[in-house]
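K.L.:
Build me a model from this:
(2 chains)
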Amino acid sequence: MMDWQALALTLKLATVTTAILLAVAVPLAALLVLGRGRWLAFVEALAALPLVLPPTVLGFFLLVLLGTRTAFGRGITALLGHPLAFSFSGLVVGSVIYSLPFAVQPLVAGFAAVEPRLVDAARLLGAGPARLVVSLLLPLARRSLVAATVLSFLHTMGEFGVVLMLGGDIPGATRTLSIVLYNQVENFDYAAANRTAAILLGLSAVALAAIYIGGRPRGGRHA
Amino acid sequence: MLELALNARRGSFHLEVECRFASDWTVIFGPSGSGKSTLLRLLAGLELAEPARTQLERVVLDGRRLTDSAHGVRLKPGRRQTSMVSQQAALFPHLSVAANVAYGLRHLDRASRSLRVGEMLELADAGGLIDRRPRDLSGGEAQRVALARALAPRPRLLLLDEPFSALDGVASDALLIRLQAWAREHSVQTVLATHDATDALATGAEVALLNEGRLAALGPAPEVLAAERDRLALRLGSA
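P.N.:
Modelled structure (predicted):
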């Protein structure tokens, strides 16, 4: 039996997370590329940290931070009326942090590849940071924007450690496909696990192939 | 009138220039590597490729301080009413020629914007290119469009860094003469950097001779470029 509820929840989580990530990552990547100053190195390191951090570590810290043990967590709980941990919103927070590098890094690479003399020309013609991003960096780094979107979406779809730590396993709220898969394997229901895994694999493969086809010049890369 | 005092180190290169351009058309003449481009970038308020140690930086245009390190003034490139055209045209590749020229004209309404775009392209002798894309332009055409784009916002200060290198001598001279007339009419202070003595002599006016980051001479073209003119004459005579 296919768990449609979990599939819908997973897609919803990935969509919401990706939307928030792009809103955060575009200005952040622009700051990292256009900005000057040593402190930016720390920002860049912080934004890359989730790449190397075990997801369970991140999930654990967020669980503690957002729970009732800290003043911050109690504040959020009072504000929302329920704790952020073990809720869909909590998963979104965790996913945004966990997938941040997958949105930021392609955008940084794309923005940095825009020729500096174009940026200089736009600045001299009066463009401020926001106009630089909208009128110059994003149009010239379209492919990076697509890559950031697809990678964030897929990476969020497949996350497990953060979701398990932070979300528990609540049907309809925090039970995503990767959790379903884990449960199915634990119950030795290999036939169902096979279908769940196939969906995750298929979605990822198709989406990645689409990015690479879009980015491949006709006649090969060295033509 | 443009007053400048610049003292900046970048690696082993040291630019130290303090002078006043009384003429509204000044040619900075010097061999490549003499610091012409660095000087223009500092005038434009753009950062240098490598971080420079700047001891003193002052740029005053007609009494208005664009940069004054002593008072912590450093207007952003877009707020200096300064335009620059470099050897590379640097057109925005995803925009049409018309949109490139209109980029600095956001403050105008649609009608006056398109009027200005046409007018500037005509001036640069590029009126026929208005609907083209940058990738379909030759090097010389791109430089004409880049000039139109730089002139369109009616800057107070115009910086030209070997702007017509892709045009042949005749076309380049013709464009320089039209540009000079336009700049005079709209009282635009112009600084033209070149390593070509014929460019420097053709536009006359005031010449600043730059050598290894220092100002070697400043004055009327025939005086400052006497040695260069002799060298050219000698070369023509022996040909």
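
K.L.:
Okay, and A:His155 sits in which element?
P.N.:
helix A:142-157 (DSSP states H and E).

K.L.:
what about that helix, distance to the chain center?
P.N.:
8 Å (CA atoms, centre = their mean, to the nearest Å).

K.L.:
Counting by contacts, list what it packs against.
P.N.:
On a contact count with 3 or more CB pairs under 8 Å, 6 or more residues apart in numbering or on different chains; DSSP states H and E, helix A:142-157 meets helix A:4-34, helix A:88-112, helix A:190-215. The way it works is simple: take the backbone N, C-alpha and C, and place the C-beta from them, glycine included.

K.L.:
Can you pull the residues of chain A lying near chain B?
P.N.:
A:36, A:115, A:117-118, A:120-128, A:135-136, A:139-140 (CB under 8 Å from any CB of the partner chain).

K.L.:
give me the low-pLDDT residue ranges for chain B?
P.N.:
Low-confidence segments of chain B, defined by pLDDT under 70: B:48-54, B:204, B:238-239.

K.L.:
Nearest residue to the middle of chain A?
P.N.:
Residue closest to the average C-alpha location in chain A (CA atoms, centre = their mean): A:Ser99, at 3.1 Å.

K.L.:
Surely that residue touches A:Pro55?
P.N.:
No. Using CB atoms under 8 Å, A:Ser99 is not in contact with A:Pro55, being 10.5 Å away.

K.L.:
Name the nearest residue to A:Asp120, ignoring sequence neighbours.
P.N.:
B:Leu46 (5.4 Å; CB to CB, 6 or more residues apart in numbering or on different chains).

K.L.:
quick one, strands of chain B?
P.N.:
Assigned by DSSP state E, the strands in chain B fall at B:2-10, B:13-21, B:25-29, B:53-61, B:64-68, B:73-74, B:82-85, B:157-161, B:189-194, B:206-211, B:214-220.

K.L.:
Could you give me the buried positions within stretch B:121-132?
P.N.:
Neighbour counts over stretch B:121-132 (16 or more other CB atoms under 10 Å in any protein chain shown) mark B:121, B:123-126, B:129-130, B:132 as buried.

K.L.:
and if you look at stretch A:6-26?
P.N.:
A:6-7, A:9-11, A:13-14, A:16-18, A:20-22, A:24-26.

K.L.:
what residues does chain B put near chain A?
P.N.:
Counting by CB under 8 Å from any CB, chain B sits next to chain A at B:44, B:46-47, B:51, B:76-79, B:82-84, B:86, B:88, B:90, B:92-94, B:103-104, B:106, B:149-150, B:153.

K.L.:
Just the residues you listed: which are in helices?
P.N.:
Counted as lying in helices by DSSP state H, out of the residues of chain B next to chain A, are B:44, B:149-150.

K.L.:
Neighbour count and distance to B:Asp136 for the residues you listed - can I get that in TSV?
P.N.:
Output for those, formatted as TSV (neighbours: other CB atoms under 10 Å in any protein chain shown; distance: CB to CB, whole Å):
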residue	neighbour count	distance to B:Asp136
B:Ala44	22	28
B:Arg149	30	16
B:Ala150	25	21
